[in-house]
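> My questions are about this predicted structure, shown below with the sequence.
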Amino acid sequence: MDDRITIIEGPPPIFEHVNDGWAMGLNESPNLSIPALTRLRTFNGPALVQRCYNAWHNKTSIHLHYRSEAGLEQTAPILAARNVETNDGHVLLLWVYLDGEKVEFEADPGDDDQFDDYPGE
């Protein structure tokens, strides 16, 4: 179990598009992988970050295991992890790689910044 972080209960994770240069620069593979960020509530965030660190220190990979909205078991390689302590408990920030052929991003129609990019429309 040290090679994975598993979401046992709750809804599927929500993945956010990542535009950070450092995350994009880590994609050195022949396959198109999309870096994404997900935020997970957890009881012991520091232990999960330590599990990631141990895997990387031993030059092995670690994956996020979860169920998709369709109920299918999915995995995503974890490329970075961080724990944040909030008033409600620990929040684990995981940067993962998603398969570029299976990723669909949704545009938020309420995003005003989108219209600033194309002022004439």
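Nice, I can see it.
> For the protein, which segments count as helices?
All helices of the chain, identified by DSSP state H, fall at 21-25, 45-57, 112-116.
> who does the longest strand anywhere in the chain pair up with?
If you go by DSSP state E, the chain has its longest strand at strand 73-86. Based on DSSP bridges, the pairing partners of strand 73-86 within the sheet are strand 63-67 (antiparallel), strand 89-99 (antiparallel).
> These: which one's closest to residue 35?
Smallest distance to residue 35 across those (CB to CB): 6.0 Å, for strand 89-99. All C-beta spots, glycine's among them, are computed from the backbone N, C-alpha and C.
> how about that closest one: buried residues?
By neighbour count with 16 or more other CB atoms under 10 Å, strand 89-99 contains the buried residues 90, 92, 94, 95, 96, 97, 98.
> Next, the angle helix 45-57 makes with it.
Between strand 89-99 and helix 45-57, the angle comes out at 30 degrees (axes from the mean of the first three to the mean of the last three CA atoms, to 10 degrees).
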